[in-house]
Every structure is written in structure tokens, then in C-alpha cells.
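S.K.: give me a model of this one.
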Amino acid sequence: MSVGRIWNDEPFRYRDPHSGREVTQLTRYKGHSNHLYFTDPCWTGDRSFIFTSDREGRSNLFHYDLAEHRITQLTDLDLASRPGGCYSQANRAHYFGDAERLYELELRTLGLRELFRAPRDFVLGERFAPTADGAYVCGTLTERAAFAGEASVPYSYSRFVEFFEKRPLTRVVRIAVATGEAETLHEDRCYLGHVNPSPTQPHLLTFCHEGPWARVDHRIWGLDMVRGQLWKIRPQDDGVAVGHEYWHQDGRYLGYHGFPRTGPRRGFFGAIRPDNTGREEFDFPFHSWHFQSNGLDLVVGDGTQPSVPNAVPFIMLFKREGERFVGPRLLAMHRSTFNDQHAHPHPRFAPDGQHVLYTSDLTGYANLYWVAVGDFYDLPEVAVARGVTE
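M.R.: All right, here's what the predicted structure looks like:
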């Protein structure tokens, strides 16, 4: 493999058997391919994005141009973990790493430089995300001692509860892109993660107290990097659990979903400004692992894996009508296993909101899929579609 190599995965177009929408399978290599986590910036344009793929026995980063269905290899590395990361529009650079090193990949030249190396007693968090102005990348450092213990087979969430209960020393840090110097913004003996800078406000980020949602003291936290202020976003003193927070495209609202900590898990979906004003929440009794939206008018969810009771293995759309959401309407069947992060559909809207990108391993390997949103009201209701598939 080599940096700059062009890969020609012939796109495969088919008609979804439930919705009638044309779906395009973008990748067809015999190895897993997936787009980046749904909160992480991946779009280099309205019709181009960065993704991860396993090819020739290694995991690397690639660029997909939808206009020409051209795949360009961006890295030629042999990392211990699958690279992901976050793209900076301001810098036209992508930031990713492993447990030890953080890299900057310059998209114009495909030049790669080591931006930061973790201190001896710490491990880099899963992702470092850029500020809106491109001046910093922000993420976590977790004490290395938390990873000690008897060797075990690693799999998705295998140590999730353990880390929550260990309460490891964790730092939220920002690293200057110009110099590689790190500054600790917040430190706590708590399992911290999901550092997400606002896509439009360079001084603002959120992070979370990670762990099982119903057991976490408070999930979403705001941090003003200029004033050094820290505060709770969407207070949870009303007995609810929330999570999967993400920024709307405007960088001024956060989306999230949740359920009561105890009792029947009837869900809700919400949006809120970081200063806790403008909160809107909607009854949302639909089971879906992830939800994403560019705003609050149209939401996409990925339902469930097909192996669970009352499965809804579909990419689904929900549309706001006044004070409620209608749907779900079935956009496409994903039938993905959710076996690990690479097989989570994690659907996300394109920047213009006209298409949805998602991942599925329904053919055995995880691959990327692309489908037009079209007319919401032309789509079948999920309850009807489930009757067809059962």
C-alpha cells in the first residue's frame, strides 16, 4: 500500500426492498470499511469525506470523492488500533492517533507529522477534535495505571464498566496545532470522554462523564476555554439519564436523547443551548441506538441489530411537526450486527441534509452506504415495514 494510491471500489446500486429508495454501496473491498463516529467531523466537502478501511492486512485512513466514486489512500501505517480522528475545515487537516501519539495529516500534500506524544504515565483518548478556528485539538489523557490488570481479549465495551468504577485520573487537554504544546483544561478522578468542540465557537467544548448512563452522576459538561468556566449542561436532577450528545451544524445547540433512570424506559429526544437556555424535549418512544441531525427538523436513527427481540434493523427518519415528531419512516434496511464500533451504522446526514451516510456489515464485512433522503412522506412507516419482514 502507499499514500496517494487510488482504489476503485465499483459502487453497487440497488433498490431497498422496503422503502424503494436507491441505495449505493460505496465500498466493496474484502475488509471492514466504516465512516468516522457520528459526532466526529469527517466531511471535507458536501460530497467527500474521510473514512477508515482495512486493506491488505492493515487499517488506514482514506478519502472518498462521491462525484467520481474515487477512493484515495491517505495513510500507510501499521497502528495497533484502527485510526479514526476528526477533520478540521479551517486547517484542511485531519487529526488522529493511537494510545501514544497524535498525528496531523495535511490533506493538500498528504504530509504527516507527529503533533504530540503522550506523557509516560498517560494514554491518549480515543479521539482528539479540532476547535472551530483550527488553533487547537482537544481530547483526553487517562492515567496509564487504569489500563493495568490481567490480560483479556479486547472487544467493544469490554472494560467500559471497569473504567467507570475505577474512576481513573483523566485530563481534558488542548494541544496547540502550531507548537504541539499541551494545556490541561480540566482534571478529575472520573472516566471522562467524548470531547466535542463546537464547530462554530472556538472557545467552547463539551465532554462527558462516561459510563453506564443510568449510573453516571451527570453526563454532559460544558467548558469555556477562554474563561476557564465549567458547568453542567442539561441538569439531570429530574431523574433522567441522557447521552450521545452531539453538536447541531450551527454549533449553538446540542442534540441528545435519554430515558428515566428507573422504571419504564420511555425515551425522549432533546436539544439545548450550552448555557442551558432554549431547551426543547420531545416524547420519543422509539428504540434506536444512535440519533443524529443537522438541526431539529429531521432526525435519523439506526434502530437495532436484527438479533434482538422486536428488532428494527433500519435507518429511520423522524420529522418534527410543531411540538412533536412524526415517524419513524423507513429509509433503508441496514441489518448490521453492531458487533463492534466498525459495525455500528452511526447514520449521519451529509452537510446539505439531502443524503444519509451509514455503515453496515450485512454482507459480512462492514461497508459504507449512501442513500437520498427524498420526500419523507413517501417513505413507509416502520411498523408497517416490520410486518413485512417478520
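
S.K.: what's around the nearest residue to residue 59 once chain neighbours are set aside, how many residues?
M.R.: Closest residue to residue 59 apart from its sequence neighbours, by C-beta to C-beta, 6 or more residues apart in numbering: residue 82 at 4.2 Å. C-beta coordinates here come from the backbone N, C-alpha and C atoms, glycine included. In terms of burial, residue 82 registers 19 neighbours under the definition other C-beta atoms under 10 Å.

S.K.: now do residue 151
M.R.: When neighbours are counted by other C-beta under 10 Å, residue 151 registers 5.

S.K.: which residues touch the residue nearest to residue 59?
M.R.: Shown in contact with residue 82 (C-beta atoms under 8 Å, 6 or more residues apart in numbering): 52, 54, 59, 342.

S.K.: for this protein, just list every one of the helices.
M.R.: 160-166, 382-389 (DSSP state H).

S.K.: among these, which gets the worst mean confidence?
M.R.: Comparing mean pLDDT across the helices of the chain, the lowest value falls on helix 382-389: a mean of 54.

S.K.: tell me how far residue 23 lies from residue 111.
M.R.: Separation of residue 23 from residue 111 (C-beta to C-beta, to the nearest Å): 36 Å.

S.K.: more crowded one of the two?
M.R.: Comparing residue 23 with residue 111 by other C-beta under 10 Å, the one with more neighbours is residue 23, at 23 against 11.

S.K.: where are the low-confidence patches of the protein?
M.R.: 384-390 (pLDDT under 70).

S.K.: buried ones in the top strand by length along the chain?
M.R.: Ordering each strand of the chain by length in residues (DSSP state E) puts strand 324-333 first. The neighbour-count check on strand 324-333 (16 or more other C-beta atoms under 10 Å) flags 325, 327-333 as buried.

S.K.: also stretch 344-361?
M.R.: 344-350, 355-361.

S.K.: and what of stretch 286-297?
M.R.: 286, 288, 290-294, 296.

S.K.: likewise for stretch 99-117?
M.R.: Within stretch 99-117, the residues that qualify as buried by neighbour count (16+ other C-beta under 10 Å) are 99, 102-105, 107, 112, 115-116.

S.K.: chain center to that stretch: distance?
M.R.: Once both centres are worked out by C-alpha atoms, centre = their mean, to the nearest Å, stretch 99-117 turns out to sit 21 Å from its chain's centre.

S.K.: now tell me what touches that stretch from outside.
M.R.: Applying C-beta under 8 Å, 6+ apart, the external contacts of stretch 99-117 come out as 3-4, 44, 61, 63, 74-75, 80-81, 91-97, 118, 123-124, 128, 137, 139, 175, 177, 180, 182.
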